[in-house]
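Colleague: from the sequence below, what's the structure:
(one chain, ligands or ions: 1)
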Amino acid sequence: MSEPTKPSRDALIALERAHVWPPYTSRDKHEQHEPLVIVEAEGSWLTDHDGRRYFDAIGSWWTCTLGHRHPRLVHRVKEQSDRLFHVAAGGNTHPEIALLARELAAVAPKGLTRMHFSDDGSTSIEVATKIAFQYWQQNGRPARRRFVALAGAYHGDTLAAMSLASIEEFRGTFGPLLFEIHRAPHPSEVGGWDRVLEEVTRTMRAHGDEIAALVVEPLVQGASGMRMHPPEVLRALHALTREIDTFFVADEVFTGYGRTGSMWACERAGVVPDLLCTAKGFTAGVLPMAATIASERVYDGFSGGASRALMHGHTFCGHALGAAVAREVLAIYRDEEVLEGIAPRADRIAAWTERLASIEGVSGHRALGMIGAIDLGDVGYGGTGLGQRVAERARERGVLLRPLGDTIYVTPRLNVPMDELGWLLDTVEDVVRTTTRS
Ligand SMILES: Cc1ncc(COP(=O)(O)O)c(C=O)c1O
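Modeller: Prediction:
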């Protein structure tokens, strides 16, 4: 039998342009932009239709913490495929989900032992929001309907997630559909984090009876430009939730699974949330799956009859193939000592940002764990186009970047070999130097 003809790159792009509605892309841009046509991936590398390789410097939207097609994950997918892909979670269970729940509880911050499984980061936030809201409705504090979140927050693109977020480019149009929250000011508006904390303290104390939860991306706000805050800020925010006895929701969709150097960013500040959202690294980019992890105190608030149940579920809740992969991810972290291997890589990334900080035109730099970022202008989602030019030149040199406005960042896989990391950092440095000069 002859091999089926492989469609050409141009034919694939034409089909894509004719029928796909891509994320975050206007129709005009879609029709003009030349996308990479990726046909394969392995480790740190993506291969396009013409056989060219690109270093995945953004871990495919921060998910591929173990690199592409880790052999154990490939094997686990095949093995589980021989047994069970999926069964409705309503009224049924299966070994993978029960075992995953226990294994996740063992690595979650102490006391977070109750898992609600769903499909993606936005959904895990949606679920946390609904849990916090419903908890107070049915446990004697119905006035608790408001959420508190930080300026610069991003929690996903569904309606509750957008309500909590503050990046105008994402939420602006949808303003009339979103619910009101108490939003802390940005440190640059009020003169630093101390002032922000004063404001949040005032709000929490004045409106304690109305606050259902405070929601935060611990230590790093990814989408708004890899903005970082010190652990003391997180501790102070957490302490405020203890003071008024409301919930602290940690959105660890980006920061979890070792991205900041520890399994959870909250650990670095010594805080234990009431609800923790995880996705991305949860299946290391293999399948869409997420979890909202709650304390037993939160779950106890749902004891009682049918009217007290959390009325939230998804067709693919607790997908067996996803759960098998999520279990294998945890096993790989343990067996390959993934978290233990981060420190030397993180030092290298931090040293790189320091080095780039001396380049004329670089206005800011920061690093934490497996995140390194530099600014070529204001921090923010928009940008002047300089970030985009760096990305285009990097692509010519075999590196896939996706700047946030004029902020260039790298978030490689956590287990990236040192020589590959060195190559990536040197290449991006060279591209930044030549682009800012021209
Ligand atoms: C902190 C944070 N929360 C939530 C989300 C939304 O996750 P998803 O894109 O899987 O819906 C993201 C996505 O980047 C994120 O960075």
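Colleague: ok, the residue of the chain found nearest the ligand - contacts?
Modeller: Here the chain gets closest to the ligand at one residue, residue 121, 2.2 Å apart by Cβ to the nearest ligand atom. In short, each C-beta sits where N, CA and C put it, glycine included. Residues in contact with residue 121 (Cβ atoms under 8 Å, 6 or more residues apart in numbering) are 155, 156, 251, 253, 254, 277, 279, 280, 290.
Colleague: do the same with residue 267
Modeller: Counting by Cβ under 8 Å, 6+ apart, residue 267 has contacts residue 109.
Colleague: secondary structure element for it?
Modeller: helix 265-269 (DSSP states H and E).
Colleague: how far does stretch 277-297 stretch from one end to the other?
Modeller: Its first and final residues considered, stretch 277-297 spans 17 Å by Cα to Cα, to the nearest Å.
Colleague: can we start the residue count at 17 from this point?
Modeller: Got it, the first residue is 17 from now on, which makes the last one we talked about stretch 293-313.
Colleague: which of the residues in it are buried?
Modeller: Under the neighbour-count criterion of 16 or more other Cβ atoms under 10 Å, stretch 293-313 has 293-311 buried.
Colleague: with stretch 66-86 instead?
Modeller: Within stretch 66-86, the residues that count as buried by 16+ other Cβ under 10 Å are 70-76, 78-84, 86.
Colleague: endpoints of it, how far apart?
Modeller: Start and end residues of stretch 66-86 are separated by 23 Å (Cα to Cα).
Colleague: and the residue of the chain closest to the ligand, backbone torsions?
Modeller: Note on residue 137: backbone dihedrals following degrees, to the nearest 10 are phi -60, psi -40.
Colleague: would you list every one of the helices in the stretch 267-416 of the chain?
Modeller: For the stretch 267-416 of the chain, applying DSSP state H, counting those that start in this stretch gives helices covering 281-285, 312-316, 336-351, 358-373, 402-412.
Colleague: list the contacts of the fourth one.
Modeller: The one in question is helix 358-373. For helix 358-373, the surrounding residues in contact (Cβ under 8 Å, 6+ apart) are 274, 277, 378, 380-390, 426, 430, 432, 434, 437-438, 441, 445, 448.
Colleague: contacts only, for residue 190.
Modeller: Residues near residue 190 by Cβ under 8 Å, 6+ apart: 175, 178.
Colleague: for it, grab phi and psi.
Modeller: Residue 190 adopts backbone torsions of phi -90, psi 0, taken as degrees, to the nearest 10.
Colleague: read off the pLDDT value for it.
Modeller: Looking at residue 190, its pLDDT is 93.
Colleague: tell me which of the buried residues of stretch 66-86 fall in helices.
Modeller: 75, 76, 78 (DSSP state H).
Colleague: contact partners for the residue nearest to the spatial centre of the chain?
Modeller: For the chain, residue 270 is the residue whose C-alpha lies nearest the centre (Cα atoms, centre = their mean; 2.4 Å). Contact analysis of residue 270 by Cβ under 8 Å, 6+ apart lists 78, 137, 233, 236, 238, 239, 296.
Colleague: contacting residues around the fifth one?
Modeller: If I follow you right, that is residue 238. Counting by Cβ under 8 Å, 6+ apart, residue 238 touches 78, 170, 270, 271.
Colleague: mind putting the residues you listed in CSV, distance to residue 394 included?
Modeller: Below are the contacts of residue 238 laid out as CSV (distance: Cβ to Cβ, whole Å):
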residue, distance to residue 394
78, 22
170, 17
270, 21
271, 23
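Colleague: how about the contacts of residue 137 in TSV, adding pLDDT?
Modeller: TSV is the format used below for the contacts of residue 137 (pLDDT from 0 to 100):
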residue	pLDDT
171	97
172	96
267	98
269	98
270	98
293	99
295	98
296	98
306	98
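Colleague: how many neighbours does residue 30 have?
Modeller: 12 (other Cβ atoms under 10 Å).
Colleague: pLDDT of the helix or strand encompassing it, averaged?
Modeller: Per DSSP H and E, residue 30 falls inside helix 25-35. What helix 25-35 shows for mean pLDDT is 96.
Colleague: buried set for it?
Modeller: 25, 29.
Colleague: distance from that helix to the middle of the chain?
Modeller: How far helix 25-35 lies from its chain's middle: 29 Å, per Cα atoms, centre = their mean, to the nearest Å.
Colleague: just the contacts of residue 137 that are near the ligand?
Modeller: For the ligand, the contacts drawn from the contacts of residue 137 by Cβ under 6 Å from any ligand atom are 171, 172, 267, 269, 270, 295.
Colleague: who are the contact partners of the first one?
Modeller: It stands for residue 171. 137, 138, 141, 165, 177, 178, 180, 181, 231, 233, 267, 269 are the contacts of residue 171 under Cβ under 8 Å, 6+ apart.
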